[in-house]
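Enquirer: would you be able to build a 3D model of this:
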Amino acid sequence: MKKTLLLLSATLIAAASHAQTPVTVSTQPSNAQQVWYSLQNGEVGSAALDEWDLAFEITGQNASILVNTAKGLTVYETPSAITDWDAVNSVDTANWTMIENSDSSWSAGALTHGNNLDQPDGFNLGWGVYNITTHVVVGSKIYAIGLADGTSWMKLRINALSNGVYSFTYANLDGTNSHDAEVNKSDFTGKNFGYWSFATNASMDREPLTADWDLLFTKYIGFVPIPYPVAGVLQNKLVTALQVDGVPTADASWTNAAFSENINILGSDWKSYDFDLNQYTIATDRTYFVKDIPGNIWKIVFTAYGGGSTGDMSFNQEMVSATGINEIAAHQGTLITYPNPVTNGQAQLIIDVPAHDGVMNVMNLAGQRMLQQQWSGLNGLSARTLDVNGLAKGVYILRFDAANSSTTGKLVIE
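Expert: Just a heads-up that it's a prediction; the model follows:
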């Protein structure tokens, strides 16, 4: 088996090294589609941009809530307390605060406005306050949402996040057509967000597993510097990126600066509209490097944008540092779970690393360590059992750290 793994690794390295691949991802005319993309596997999912209205964060501590302003919704924070629901009954934008999703972090949705999570004792999430005794986030604000038709308005309150369930209420401003709704995190295990549609009054499971994609091609609200709809590329959680300017793309290097966690490093400014030529032009001498979840580094150079008429975004991609593959080649570093998903609480692992001992870490997709074990007595290709009974269902990243190497893998628990 060890010989087979090494031969496979050598084949992968030969195929992946220094191979530029031209790619076109289409968000369709008017950028009507959102497309999730894996640098290793290509497109892994797509869905209509305008089919959702609210998105509720499933992983992480911020409990971020996004509003789909890219489809034309506008969202305001009213000064009214959540108990003054009936008092919010007419449009009063002069006394409301317009809010937006961040374009640099998934965990800073519009409804997190006003949070104090950057403070050591901060328990205000923006839309509600965390109770350290009951472990419930209790809603505290009323929001007004202007619909895409430009005339209709709704009001919204997030009542609570309790036991993994978001509960919320929305209605017309005059209180008619009221709905009490829930989004259960457990329905979206392994995803970044669970979605809600006002049109269908139902939740939506529309994005791929977080572990399966790196980039989202979409229209979103960017700050250029004021909020404005742009078409571009956003990174997944745990995917970092680096922009290199002023160097011919053939000479650009990823080793001279730090990678950023901001999700808009690729963003939208790789293109600009030339009014004289009446077409989009691509920034010259601009190169992006993207580090995916396993740690592989990809070079991306955009080559064309078809504008709103096609929504086509074209680029060349090239793997320039195959972390996982290089570890296999140089150190025989392999970490495989079988079967995967794990259904009985016992993960069977095959591990082949250039070390006799190290630390096995299990991390969730928000980067939090959920389990850690010290392993010793390894000798080449080994089989180990990892007890994961204490972990919730979902997708996790495995990482075995030794003195001179780090090897990653994926674990799915059902």
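Enquirer: give me the residue at the spatial middle of this protein.
Expert: The C-alpha lying nearest the average C-alpha coordinate of the chain belongs to residue 236 (CA atoms, centre = their mean; 3.2 Å).
Enquirer: surely residue 117 and residue 129 touch.
Expert: No - look at residue 117 against residue 129 with CB atoms under 8 Å: they stay out of range, at 11.1 Å. To be clear about C-beta, it is placed using only N, CA and C from the backbone, and glycine gets the same treatment.
Enquirer: for this structure, what spans make up the helices?
Expert: Taking DSSP state H as the criterion, the chain carries its helices at 2-16, 323-331.
Enquirer: mean confidence score for the longest one?
Expert: So the one you mean is helix 2-16. Across helix 2-16, pLDDT averages out at 40.
Enquirer: got the contact list for residue 347?
Expert: Shown in contact with residue 347 (CB atoms under 8 Å, 6 or more residues apart in numbering): 337, 385-388, 411, 413.
Enquirer: excluding covalently adjacent residues, which one is nearest to it?
Expert: Distances taken as CB to CB, 6 or more residues apart in numbering put residue 386 closest to residue 347, at 4.3 Å, once the chain neighbours are dropped.
Enquirer: burial count for residue 48?
Expert: Per other CB atoms under 10 Å, the neighbour tally for residue 48 reads 12.
Enquirer: how far away is it from residue 192?
Expert: For residue 48, the distance to residue 192 equals 18 Å [CB to CB, to the nearest Å].
Enquirer: residues near the closest residue to residue 79 other than its chain neighbours, how many?
Expert: Leaving aside its chain neighbours, residue 79 sits nearest to residue 95 (6.4 Å; criterion: CB to CB, 6+ apart). For residue 95, the neighbour count with other CB under 10 Å is 9.
Enquirer: re the thing from before, surely the residue nearest to residue 347 and residue 346 touch.
Expert: Yes - in this structure residue 386 lies within contact range of residue 346 using CB under 8 Å: 7.4 Å.
Enquirer: still on that earlier bit, using CSV, lay out the contacts of residue 347 together with distance to residue 88, pLDDT and neighbour count.
Expert: Output for the contacts of residue 347, formatted as CSV (distance: CB to CB, whole Å; pLDDT from 0 to 100; neighbours: other CB atoms under 10 Å):
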residue, distance to residue 88, pLDDT, neighbour count
337, 50, 86, 20
385, 56, 91, 9
386, 51, 91, 19
387, 51, 91, 11
388, 46, 91, 19
411, 46, 89, 23
413, 43, 90, 22
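Enquirer: show me the beta-bridge partners of residue 194.
Expert: Here residue 194 sits in beta bridges with residue 56, going by DSSP bridges.
Enquirer: err, residue 23, not the other one
Expert: residue 315.
Enquirer: gap between it and residue 215?
Expert: 11 Å.
Enquirer: who's more crowded, these two?
Expert: residue 215 (24 against 16).
Enquirer: and the more buried one, how far from residue 95?
Expert: Distance from residue 215 to residue 95, by CB to CB: 40 Å.
Enquirer: touching, residue 269 and residue 283? I think so.
Expert: Yes - taking CB under 8 Å as the definition, residue 269 is a contact partner of residue 283 at 7.1 Å.
Enquirer: any stretches of this structure with poor pLDDT?
Expert: The model of the chain has pLDDT under 70 over residues 1-19, 322-333, 366-367, 380, 403-404.
Enquirer: domains for it, by residue range?
Expert: 18-48+210-321, 53-204, 325-413 (automatic domain parsing).
Enquirer: so how far is the first one off the chain centroid?
Expert: For domain 18-48+210-321, the separation from the chain centroid amounts to 14 Å (computed by CA atoms, centre = their mean, to the nearest Å).
Enquirer: contact partners for residue 307?
Expert: Per CB under 8 Å, 6+ apart, neighbours of residue 307: 279-280.
Enquirer: an error on my part: the question was meant for residue 96.
Expert: Contacts of residue 96 by CB under 8 Å, 6+ apart are 76-79, 144.
Enquirer: next: residue 27.
Expert: So residue 27 contacts 33-35, 49, 217-219, 231, 311-313 (CB under 8 Å, 6+ apart).
Enquirer: excluding residues flanking it in the chain, which one is nearest it?
Expert: residue 311 (3.7 Å).
Enquirer: who's in contact with that neighbour?
Expert: Contact analysis of residue 311 by CB under 8 Å, 6+ apart lists 26-33, 231.
Enquirer: which of those are buried?
Expert: For those, a burial check counting by 16 or more other CB atoms under 10 Å picks out 26-28, 31, 33, 231.
Enquirer: any chance of these in JSON lines, with distance to residue 352 too?
Expert: What follows is the buried ones among the contacts of residue 311, written out as JSON lines (distance: CB to CB, whole Å):
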{"residue": "26", "distance to residue 352": "40"}
{"residue": "27", "distance to residue 352": "41"}
{"residue": "28", "distance to residue 352": "44"}
{"residue": "31", "distance to residue 352": "45"}
{"residue": "33", "distance to residue 352": "41"}
{"residue": "231", "distance to residue 352": "44"}
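Enquirer: of these, closest to residue 211?
Expert: Nearest to residue 211 among these is residue 33, at 21.9 Å by CB to CB.
Enquirer: mind checking how far stretch 381-396 is from the chain centre?
Expert: 23 Å.
Enquirer: actually stretch 125-140, not the one I typed
Expert: So, by CA atoms, centre = their mean, the centroid of stretch 125-140 is 24 Å from its chain's centroid.
Enquirer: so residue 231 makes contact with residue 29?
Expert: No - using CB under 8 Å as the test, residue 231 is too far from residue 29 to be in contact (11.4 Å).
Enquirer: list residues touching both of the two?
Expert: 308, 311.
Enquirer: can you get me a residue count around residue 320?
Expert: Neighbourhood size, residue 320 [other CB under 10 Å]: 17.
Enquirer: quick check: nearest residue in space to it, chain neighbours excluded?
Expert: residue 299 (4.8 Å).
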